[in-house]
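What would the 3D arrangement of this be:
(one chain, ligands or ions: 4)
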Amino acid sequence: MSVQTQRTTCNRDCPDACGIVATVTDGVVTQLKGDPEHPVTRGFLCFRTSRFLELQNGPDRVREPLVRKNGELVPATWDEALGLIADKLLQVRRESGPAAIFHYRSGGSLGILKHLTDLFFDEFGPCTGKVGDICSGAGEAAQMEDLGTSDSNDLFDLCNSRHLVLWGKNPAVSNVHLVPILKEAQARGARIALIDPVHHKSVGLADTYLQPAPGSDFELALGIARALFDRGQVDPKAASFCDHLPEFQRLAQSRTVAEWAARTDLPAAAVLDLADRFADGPTAILVGWGMQRRQRGGAIVRALDALSAISGNLFRSGGGVSFYFRRRKAFRPFGPPAKHPRTIREPLFAQDLLAAQDPPIRFLWDTAGNPVSMLPDSAAVAKAIDAVEFVVVADCFLTDTARRADVVLPVPTLLEDSDVLGSYGHHWLAESRPVVPMPPGVRHELHIFQELARRVGLDSYPQETIDTCKRNALADVAGQGASLEMLRKHGAVRSPVADALLFREGQVLTRNGHVQLLTEDAPAPVLDEPKAEPRASRSLWLFSNSTERSQASQWSGKGLGPRLPVTVHPDNVPGLANGAPVRLYSAHGSLAAELVLDPAQRKDVAIVPKGGHFDRGQSANALIAARPTDLGLGAAYLDCLVRIVPE
Ligand SMILES: Nc1nc2c(c(=O)[nH]1)N[C@H]1C(S)=C(S)[C@@H](COP(=O)(O)OP(=O)(O)OC[C@H]3O[C@@H](n4cnc5c(=O)[nH]c(N)nc54)[C@H](O)[C@@H]3O)O[C@H]1N2
Ligand SMILES: Nc1nc2c(c(=O)[nH]1)N[C@H]1C(S)=C(S)[C@@H](COP(=O)(O)OP(=O)(O)OC[C@H]3O[C@@H](n4cnc5c(=O)[nH]c(N)nc54)[C@H](O)[C@@H]3O)O[C@H]1N2
Ligand code: SF4
Ligand SMILES: [Mo]
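Ligands and ions are numbered 1, 2, ... in the order given. Below is the predicted model:
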């Protein structure tokens, strides 16, 4: 028996980018563990990747190309599949022009070499591309506007904080490697406040838990700002590094602390306690991604930026307002920015796809995404994809989207892929390398596009080896200790272009170096009321939050189970017991579900897991309207009202 250990890096859409140690027994991966030498991974993995082998070897794995014949997806050779695709690409470009081809890429793998997919469509076209970002678009756009960048201090700088504010964040589930660092900071005396309308696992990490009304964080931040102004706790130098301070002050002082507090459904004392924490810095805000997936999501993040700045915490070690780590900063792009002749707005995918004319979208290529399950208004997304003449999906699994394709191309899983990665939760760079070879019918995506380029006569497309592409991506930092060899030697290398503190004292990265404070109130969201029916509950805010068992629509272990669980306060469904079958409906659709009663929840929320499959009737997105956020073309997934009826 041969037993070996192999190291790689997790490429999933997760802030942690873990180092993985795989045990390989007689050529088969038998165990996955966290790399004890990776400074952030510290020897453990999350539930979903520890149990990835069930997916890797599971029934939904695609191990050879599939081509639709007589309505069915059937196995085909690569020659047949790529021949069909090449012919169709050339035909559509000849007949309708390259704008009739739409390449959609999501974050199924965060590998940098995935950008070579974009390069193919830019060089072959340029083709139609996507604009906006349903994941973090609003928050990133807000920080770009206020601070000129969306990035963070070194992760371990949190150990220098006196106060940490987990604002709409559930690290115990969706950012698990942050947990030991929070505990370390606590051991050094830091106090942690958690602000989230949903009571969840991370409540156990906090010494103070506040449960505000959904989407009221804007008012909460302004209430805190008002208290800081009233008590003279605003940084006396704020006017020197902030633009629009008088307008921001006027906005904060347009209501009293008690009035702001009333709008958040929190006691004024809670707002004052938070103000004390900002005045008693260094105080770091850790901004979750959930609350910016609202129509006022950009305004909310802007209010948090302002709070950090005026309270004097933005430039301090142990301070800052951390929403994102710029994971691509160290890498050299493979080509110039894309030159799309036309764009499809990601949050309005179905609407834009169907509305596209002159030419219509005739060819869709989906890479590393499952839009049918994961984009809002998923029934419309499914319909829009069904209406496209020719659909190619590159995925490791037969997803809701792949089942609608004309050709499915099987690609390596995270245990078989070869790439380089940054992270959006820390500043380490690392390489992913196959811990086992991919099945013979699977191909690396670079090789798929190289072969296609040859077939469609695209001479400019790079025909280099995977390692050369990795070296090209690392070219700007190789001389500073982050060459491919150094990544191989050390497992992970801290990015040489990320400073320990993001901003120099008094200077952000906007054009004039000043923080741009917001000046206007955030409008209330537009909400579609579900129809009132006999026996229906009141309207509840629908939350579709990350769960431990899945990575978006990729479920480890036993999966989601036969019925979608919906968690509510028992008072919303009098007379119904745990496990009772119910129907959940919004103004846009309905889903069968099963009750989970939890008296710790607010009485105006209903919580379902993110990532349920559309074809199984478990995708929250079947209920959610497609609406953009105020900034950055994010998706307002969380501005959704539902009612519950017994079934
Ligand atoms: N286990 C697991 N981990 C994941 C993922 C996964 O699918 N599963 N997905 C990954 C991805 S793609 C991303 S982008 C990140 C996701 O990161 P997040 O979106 O931060 O992940 P969630 O754990 O869903 O946390 C969102 C939190 O925001 C809260 N929230 C929603 N609305 C409001 C509001 O109005 N105010 C406040 N204060 N809080 C609010 C929700 O209740 C929830 O607890 O995580 C990554 N990690
Ligand atoms: N209701 C609701 N909807 C949400 C969210 C929510 O909180 N609530 N969260 C949103 C967020 S934050 C995000 S990021 C999106 C996620 O949405 P998607 O990115 O569509 O997420 P996944 O379902 O994980 O789909 C990624 C696919 O990529 C495949 N894949 C993995 N590795 C590779 C690879 O190397 N190459 C290729 N070609 N494919 C690969 C996986 O098998 C998987 O099927 O969902 C959004 N949708
Ligand atoms: S999904 Fe995230 S936490 Fe889990 S192993 Fe991958 S990087 Fe680590
Ligand atoms: Mo995301």
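
where do the strands sit along the stretch 451-600 of the chain?
Applying DSSP state E, counting those that start in this stretch to the stretch 451-600 of the chain gives strands spanning 492-494, 515-516, 540-545, 550-551, 554-555, 564-568, 581-585, 590-597.

Also the stretch 151-300 of the chain?
Remark: strands of the stretch 151-300 of the chain, listed N- to C-terminal, are 163-167, 191-195, 208-210, 242-243, 283-287; assignment by DSSP E, counting those that start in this stretch.

how close does the residue nearest in space to the middle of the chain get to ligand 2?
Taking C-alpha atoms, centre = their mean, the centroid of the chain lies closest to residue 135, which sits 4.0 Å from it. Computed with C-beta to the nearest ligand atom, to the nearest Å, the distance linking residue 135 and ligand 2 is 4 Å. C-beta here means a position set from N, CA and C on the backbone, and glycine is covered the same way.

The helix or strand of the chain at the bottom of the mean pLDDT ranking near ligand 1 anywhere?
Among the secondary structure pieces of the chain, namely its helices and strands, helix 53-56 has the lowest mean (mean pLDDT, DSSP states H and E), a mean of 94. No - under the criterion of C-beta under 6 Å from any ligand atom, helix 53-56 makes no contact with ligand 1; the nearest approach is 13.6 Å.

I'd like to know which elements that helix is packed against.
Under the contact definition 3 or more C-beta pairs under 8 Å, 6 or more residues apart in numbering; DSSP states H and E, helix 53-56 sits against strand 28-34.

right, and the helix or strand after the strand it packs on?
Of the helices and strands lying after strand 28-34 in sequence (DSSP states H and E), the nearest is helix 47-50.

which residues in the stretch 301-450 of the chain form helices?
349-355, 371-374, 378-386, 445-456 (DSSP state H, counting those that start in this stretch).

re earlier: if we go by neighbour counts, what in the very next helix or strand once past the least confident helix or strand of the chain is buried?
On the C-terminal side of helix 53-56, the closest following helix or strand by DSSP H and E is strand 66-69. By neighbour count, and taking 16 or more other C-beta atoms under 10 Å as the criterion, the buried residues in strand 66-69 are 66-68.

again, but for stretch 90-105
92-93, 96, 98-105.

which two in those residues are spaced the farthest apart?
96 and 105 (21.4 Å; C-beta to C-beta).

picking up where we left off before, next one: the least confident helix or strand of the chain to chain centre, how far?
Average the C-alpha atoms of helix 53-56, do the same for its chain, and the two points are 22 Å apart (C-alpha atoms, centre = their mean, to the nearest Å).

One more: stretch 170-184?
With C-alpha atoms, centre = their mean as the basis, the mean position of stretch 170-184 lies at 17 Å from the chain mean.

circling back: got a list of what the residue nearest to the centre of the chain touches?
Residue 135 makes contact with 13, 107, 289, 634 under the criterion C-beta atoms under 8 Å, 6 or more residues apart in numbering.

for those residues, which one is nearest residue 311?
residue 289 (22.7 Å).

any idea how far the closest residue to the closest one other than its chain neighbours lies from residue 196?
Nearest-residue entry for residue 289: residue 136, 5.6 Å, with adjacent residues in sequence omitted and distances by C-beta to C-beta, 6 or more residues apart in numbering. Shown here: residue 136 relative to residue 196, a distance of 18 Å by C-beta to C-beta, to the nearest Å.

Comparing the two, which residue is more hemmed in?
More neighbours sit around residue 196 than around the other of residue 136 and residue 196, counting by other C-beta atoms under 10 Å; the figures are 25 against 22.

In the stretch 1-150 of the chain, what residue spans correspond to strands?
The residue ranges that make up the strands of the stretch 1-150 of the chain, judged by DSSP E, counting those that start in this stretch, are 3-9, 19-25, 28-34, 66-69, 72-75, 101-105, 129-131.

okay if I get those strands as JSON lines plus mean pLDDT and distance to ligand 2?
Supplementary listing: those in JSON lines, determined by pLDDT from 0 to 100; distance: least, C-beta to the nearest ligand atom, whole Å:
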{"stretch": "strand 3-9", "mean pLDDT": "97", "distance to ligand 2": "13"}
{"stretch": "strand 19-25", "mean pLDDT": "98", "distance to ligand 2": "14"}
{"stretch": "strand 28-34", "mean pLDDT": "97", "distance to ligand 2": "16"}
{"stretch": "strand 66-69", "mean pLDDT": "98", "distance to ligand 2": "14"}
{"stretch": "strand 72-75", "mean pLDDT": "98", "distance to ligand 2": "15"}
{"stretch": "strand 101-105", "mean pLDDT": "98", "distance to ligand 2": "8"}
{"stretch": "strand 129-131", "mean pLDDT": "98", "distance to ligand 2": "12"}
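
Need the winner for burial among these.
Mean neighbour counts were compared across those using mean count of other C-beta atoms under 10 Å; the top stretch is strand 101-105, at a mean of 24.

to the chain's geometric centre, what's the distance from it?
19 Å.

circling back: which ones among the contacts of residue 135 also lie next to ligand 2?
Contacts with ligand 2 within the contacts of residue 135, counted by C-beta under 6 Å from any ligand atom: 13, 107.

Around ligand 1, which positions in the stretch 501-647 of the chain sit nearby?
Proximity of the stretch 501-647 of the chain to ligand 1 is confined to 543, 545-546, 548, 550-552, 610-611, 638 under the rule C-beta under 6 Å from any ligand atom.

Would you mind checking which of those residues is nearest to residue 585?
Nearest to residue 585 among these: residue 543, at 16.0 Å, using C-beta to C-beta.

If that closest one is in a bridge, with which residues?
Residue 543 forms beta bridges with residue 607, as assigned by DSSP bridges.

ok, residue 577 - contacts?
With C-beta under 8 Å, 6+ apart as the criterion, the residues that contact residue 577 are 595, 597.

Format the buried residues of stretch 90-105 as TSV; extra columns: distance to ligand 1.
Listed next are the buried residues of stretch 90-105 as TSV, based on distance: C-beta to the nearest ligand atom, whole Å:
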residue	distance to ligand 1
92	31
93	33
96	34
98	30
99	29
100	30
101	27
102	22
103	20
104	16
105	14
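
Mind putting those residues into JSON lines with distance to residue 229?
As requested, the buried residues of stretch 90-105 are arranged in JSON lines below (distance: C-beta to C-beta, whole Å):
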{"residue": "92", "distance to residue 229": "59"}
{"residue": "93", "distance to residue 229": "59"}
{"residue": "96", "distance to residue 229": "58"}
{"residue": "98", "distance to residue 229": "54"}
{"residue": "99", "distance to residue 229": "52"}
{"residue": "100", "distance to residue 229": "55"}
{"residue": "101", "distance to residue 229": "54"}
{"residue": "102", "distance to residue 229": "49"}
{"residue": "103", "distance to residue 229": "49"}
{"residue": "104", "distance to residue 229": "46"}
{"residue": "105", "distance to residue 229": "45"}
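
what's the closest of those to residue 449?
Using C-beta to C-beta as the measure, the one of the buried residues of stretch 90-105 that approaches residue 449 most closely is residue 103, at 11.0 Å.

For the closest one, list each beta-bridge partner.
As assigned using DSSP bridges, the partners bridged with residue 103 are residue 365.

Is it in contact with residue 367, as I believe?
Yes - with contact defined as C-beta atoms under 8 Å, residue 103 and residue 367 form a contacting pair (7.1 Å).

what sits in contact with each of these two?
Common contacts of residue 103 and residue 367, defined by C-beta under 8 Å, 6+ apart, comprise residue 117.

remind me which residues of the stretch 501-647 of the chain are low pLDDT?
Under the criterion pLDDT under 70, no range of the stretch 501-647 of the chain is flagged.
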